[in-house]
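1. return atomic coordinates for the entry below.
(one chain, ligands or ions: 3)
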Amino acid sequence: VDADGSQPATLTARAGSHAFVPGTQTPTLGYELDYLGPTLRVRRGRSAQIDLVNRTDDQITAHWHGAHVPGNMDGGPQLAFDPGQSWSARFDVHHPAATLWYHSHVHGKTGPQVYHGLAGFLLVEDPAAPDGLPSDYGLNDLPLVVQDRSFDRAGRLVYDTSGMTLMGGVLGDTICVNGAVQPVADVPRGLVRLRLLNGSNARFYDFAFADGRRFHQVASDGGLLPAPVARSHIALAPAERAEIVVDFSADTAPVRLVSADIAQGGMMGGGMMGGNARPGGAIEIMTFAPGASPATGPATLPASLPAPPMDFGAPVRTRDFRLDMHAGSMMGAMFNRLIGSSGSIMGINGNSYDMGRIDAELRAGETELWRISAPMMIHPFHVHGTSFQVVSRGGQRVDPATEGLKDVVVVDGRGAEILVRVDQKADAATPFMLHCHILEHEDAGMMAQFTIA
Ligand code: C2O
Ligand code: CU
Ligand code: CU
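-> Ligands and ions are numbered 1, 2, ... in the order given. Now for the predicted structure:
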């Protein structure tokens with residue numbers, strides 16, 4: 001759906017019913033659709049216009065994850081609105097070409113709302129900077145949102161935050177891509193661009209093809225890389241994106257996309273018990289069937305890409321953010337369901353999220369060095385309103401040419417350092433968020449907010 005044409009795009013959030021597996025139905029939420037929302041397309045240099053209508057029975061928002069928009073258009077928790085109401089988002093698209101997404105962001109409810117379907121793709125195109133990559137949407141340019149879900153015997157979605165799930169986040173035992181379990185995509189026998197989004201609440205993936213073939217990464221969260229990077233696998237934490245180009249030109253048999261089954265949340269195998277798990281630790285994601293449609297698009301990859309500049313300069317100050325989980329009170333909370341009443345179980349720098357408290361005040365255009373630490377487990381750390389440069393991660397320097405601009409960085413016990421500069425304004429009424437993108441951690445208070453003057 002074009003969201004920057006002469007007419008605003010309308011997104012009506014509503015309850016629906018969806019068949020993840022043919023023959024079953026489950027209550028879901030969606031923007032316009034029964035589950036998830038349409039892919040919105042905006043163009044750099046134009047103005048996005050999206051009218052959001054709430055026909056669900058709870059507060060919702062739509063946050064433009066990764067987009068460089070002012071705080072009052074960001075769709076954060078302060079912009080949540082009631083059933084029967086609407087909200088108009090209008091913003092100029094300054095963003096370079098990128099695969100972004102949108103999702104609801106109501107404090108304390110982001111996990112269940114996204115789980116049930118309030119999410120979609122937001123693609124930015126830059127007509128002034130052609131990339132030479134496959135770009136026939138739905139043919140050789142496919143958006144793929146990967147999500148793990150659990151179902152009961154009747155095929156209904158189960159969102160269960162009891163027991164260990166508070167610690168590790170909600171993990172499903174069945175992988176869905178674009179709302180279907182283990183789908184098969186017909187692709188042309190040529191180069192195909194896959195826009196991968198880890199839209200899961202808590203699960204980490206390390207994607208690869210079952211036959212071990214190499215592919216090229218061409219973009220990360222914030223846009224294109226300076227040149228395609230050859231890889232045999234790619235790890236994506238919750239909310240991370242990567243665009244990859246795969247060569248199906250010599251394929252006559254189906255090609256399977258899989259993921260390593262990553263231990264997380266204190267459980268081996270990340271709780272993957274049924275559905276897609278295979279012996280040997282690989283999880284089935286989906287299958288590509290090359291050759292059903294004629295080859296289209298470019299036959300070779302360009303040697304270089306019109307990547308956005310990384311001109312952060314020297315930081316003017318340093319800030320530290322510590323992602324806290326209090327193990328003692330976690331154990332208590334798991335059994336006593338104290339989340340919400342005890343406040344300090346998950347937080348940042350010792351504080352659980354408070355919608356009324358501003359945690360940091362930044363100035364537009366100033367580069368800062370942020371040092372993020374995570375003493376207890378791995379967290380995907382996300383910042384609103386901008387794209388940042390990762391300086392180090394996991395105790396290693398990061399090469400900006402292969403990492404690109406990011407809005408999520410994985411933080412483990414060795415910490416991460418990022419260069420952050422925000423050019424958009426955000427006041428105390430509608431500040432920007434920084435948070436863990438394990439949605440159950442975010443909902444439990446591992447989030448802080450900042451203004452940009
Ligand atoms: Cu993807 Cu604050 O969110
Ligand atoms: Cu965001
Ligand atoms: Cu976390």
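2. quote the end-to-end distance of stretch 53-64.
-> 16 Å (CA to CA, to the nearest Å).
3. assign a three-state SS to Val42, would you?
-> strand (DSSP: H, G, I helix; E, B strand; the rest coil).
4. what's across from it in the sheet?
-> For Val42, the residues forming beta bridges with it (DSSP bridges) are Val124.
5. Asp141 now?
-> On the basis of DSSP bridges, Asp141 is bridged to Tyr137, Arg193.
6. hmm, Glu125 and it touching each other?
-> No. Under the criterion of CB atoms under 8 Å, Asp141 is not in contact with Glu125, lying 10.8 Å apart. No exception for glycine: its C-beta is placed from N, CA and C like everyone else's.
7. neighbours around the closest residue to ligand 3 within the stretch 51-200 of the chain, how many?
-> As assessed by CB to the ion, ligand 3 sits closest to Gly169 within the stretch 51-200 of the chain, at 7.0 Å. The number of residues packed near Gly169 is 30, by other CB atoms under 10 Å.
8. how near is the residue in the stretch 151-300 of the chain that ligand 1 sits nearest to to ligand 3?
-> Closest to ligand 1 within the stretch 151-300 of the chain is Ala239: 5.0 Å, counting by CB to the nearest ligand atom. Distance of Ala239 to ligand 3, given as CB to the ion, to the nearest Å: 11 Å.
9. count the residues that sit near Gly37.
-> When neighbours are counted by other CB under 10 Å, Gly37 comes out with 26.
10. so, low pLDDT: which residues of the protein?
-> Applying pLDDT under 70 to the chain flags residues 163-165, 265-280, 292, 327-344.
11. how about the residues of it near ligand 2?
-> Counting by CB under 5 Å from the ion, the chain comes close to ligand 2 at 65, 384.
12. can we see that at 6 Å?
-> 63, 65, 382, 384 (CB under 6 Å from the ion).
13. between those residues, which has the most around it?
-> His384 (27 neighbours).
14. residues in contact with that residue?
-> 63, 74, 76, 407, 432-434 (CB atoms under 8 Å, 6 or more residues apart in numbering).
15. can you name the two of those that sit furthest apart?
-> Gly76 and Asp407 (14.0 Å; CB to CB).
16. now whichever residue of the chain sits closest to ligand 1: phi and psi?
-> When scored by CB to the nearest ligand atom, the chain has His65 as its residue closest to ligand 1, at 3.6 Å. When read as degrees, to the nearest 10, the backbone of His65 gives phi -70, psi 120.
17. looking at the stretch 351-453 of the chain, which residue is nearest ligand 2?
-> Closest point on the stretch 351-453 of the chain to ligand 2, by CB to the ion, is His384, at 4.6 Å.
18. ah, wrong one, I meant the stretch 1-150 of the chain
-> When scored by CB to the ion, the stretch 1-150 of the chain has His65 as its residue closest to ligand 2, at 3.8 Å.
19. quick check, that residue in contact with Thr99.
-> No. When contacts are counted by CB under 8 Å, His65 is not listed as touching Thr99 (10.5 Å).
20. which parts of the stretch 101-250 of the chain are strands?
-> Using DSSP state E, counting those that start in this stretch, the strands found in the stretch 101-250 of the chain span residues 119-125, 141-149, 174-177, 180-181, 184-187, 191-198, 205-209, 215-220, 223-231, 233-236, 241-247.
21. what lies in contact with the fifth one?
-> It refers to strand 184-187. Outside strand 184-187, the residues that touch it by CB under 8 Å, 6+ apart are 139-140, 142, 248, 254, 286-290, 292-293.
22. now stretch 78-87
-> For stretch 78-87, the external contacting residues (CB under 8 Å, 6+ apart) are 51-62, 72, 75, 105-107, 355, 429-431.
23. list only those of those residues flagged as buried.
-> Using 16 or more other CB atoms under 10 Å as the burial test, the contacts of stretch 78-87 include 51-54, 56, 58-62, 72, 75, 105-107, 430-431 as buried.
24. where does the protein come near ligand 3, residue by residue?
-> Residues of the chain lying near ligand 3 (CB under 6 Å from the ion): 379, 436, 438, 441, 446.
25. which members of those occur in strands, if any?
-> Residues of these located in strands (DSSP state E): 379, 436.
26. now distance to Arg317 and neighbour count too, for the residues of the chain next to ligand 3, in TSV please.
-> Output for the residues of the chain next to ligand 3, formatted as TSV (distance: CB to CB, whole Å; neighbours: other CB atoms under 10 Å):
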residue	distance to Arg317	neighbour count
His379	23	28
Cys436	23	30
Ile438	28	31
His441	27	28
Met446	23	25
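27. among the residues of the chain next to ligand 3, which one lies nearest to Phe207?
-> Phe207 has its nearest neighbour among the residues of the chain next to ligand 3 in Ile438, at 18.7 Å by CB to CB.
28. who's in contact with the closest one?
-> 168-169, 201-202, 238, 379-380, 446.
29. name the element the residue of the stretch 201-350 of the chain found nearest ligand 3 belongs to?
-> Closest to ligand 3 within the stretch 201-350 of the chain is Leu323: 6.0 Å, counting by CB to the ion. For Leu323, the element it lies in under DSSP states H and E is strand 317-325.
30. domain parsing of the protein, as residue ranges.
-> 9-125, 141-290, 317-452 (automatic domain parsing).
31. what's the closest of those domains to Asp311?
-> Distance to Asp311, taken as CB to CB, is lowest for domain 317-452 among the domains of the chain, at 8.9 Å.
32. does the closest one come close to ligand 1?
-> Yes. Using CB under 6 Å from any ligand atom, domain 317-452 reaches ligand 1 at 382, 384, 433, 435, 437.
33. closest to ligand 3 out of these?
-> Of those, the one sitting nearest to ligand 3 (CB to the ion) turns out to be His437, at 7.5 Å.
34. identify the residues contacting the closest one.
-> By CB under 8 Å, 6+ apart, the neighbours of His437 are 237-239, 379-382, 408.
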